[in-house]
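K.L.:
Structure for the following, please:
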Amino acid sequence: MRTARLISFLGLILLAGCGQPQSTAVSPQVPASESGAVSSSAVTAPPERPVYTLYDSRFVGKGHGSLLFFAQNSDPFSAQSDLNLRKLYASGSAVVSTYRLDFGSETGARFNYGVIVPDTFVLLGPSGERKTSMIHPQEEELKALLK
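P.N.:
Model (predicted):
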């Protein structure tokens, strides 16, 4: 009985630590002003053209498709996807906006979209419904998601 209580207590402590906020900064290799990525607090209206920016629920599912990118700063796959996204948006080949979410702190969004690992992309339709998802996509696969 005592062991079961201890295990339950330790489980609660572990679960409480899962939602601790982490940095949501876009990859530090390229300044945000050069990459086209901006802070979600600086954006007050939906973007007119596709952008790669931090997640803002006000602009997802409002008549435009979008791509959610669940990234983790310490994950090498997320870092590679970040570089690929920057290249694609710089070239102007993206048709939908991509919103970056911090994998560690966005537990509610992860639950809603069924995301269990970092570097997961979830493509949403115009009304915010999940269309498809992809884990660790290559650059060509990202291009296909952004069309």
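
K.L.:
give me every residue that touches the residue lying closest to residue 135 once chain neighbours are set aside.
P.N.:
Sequence neighbours aside, residue 120 is the residue nearest to residue 135 in space, at 5.1 Å (criterion: CB to CB, 6 or more residues apart in numbering). (C-beta placed from N, C-alpha, C; glycine too.) When contacts are counted by CB atoms under 8 Å, 6 or more residues apart in numbering, residue 120 touches 69, 70, 103, 133, 134, 135.

K.L.:
Roughly how far does residue 120 sit from residue 81?
P.N.:
10 Å (CB to CB, to the nearest Å).

K.L.:
Buried ones in the helix or strand residue 83 falls within, by neighbour count?
P.N.:
For residue 83, the element it lies in under DSSP states H and E is helix 76-91. Burial within helix 76-91, assessed by neighbour count using 16 or more other CB atoms under 10 Å, is assigned to 77, 78, 79, 81, 82, 84, 85, 86, 88, 89.

K.L.:
Spell out the residue ranges of the strands in the chain.
P.N.:
For the chain, applying DSSP state E gives strands covering 52-54, 66-71, 97-102, 120-124, 130-135.

K.L.:
winner for burial among those?
P.N.:
strand 66-71 (a mean of 24; mean count of other CB atoms under 10 Å).

K.L.:
Note down every partner strand of that one and its orientation.
P.N.:
Pairing partners of strand 66-71, with direction, according to DSSP bridges: strand 97-102 (parallel), strand 120-124 (antiparallel).

K.L.:
so what's residue 92 scoring on pLDDT?
P.N.:
In this prediction, residue 92 carries a pLDDT score of 89.

K.L.:
distance of the closest residue to residue 71 other than its chain neighbours from residue 129?
P.N.:
Counting by CB to CB, 6+ apart, residue 78 is the residue found nearest to residue 71 once chain neighbours are left out, at 4.0 Å. Distance, residue 78 to residue 129, by CB to CB: 25 Å.
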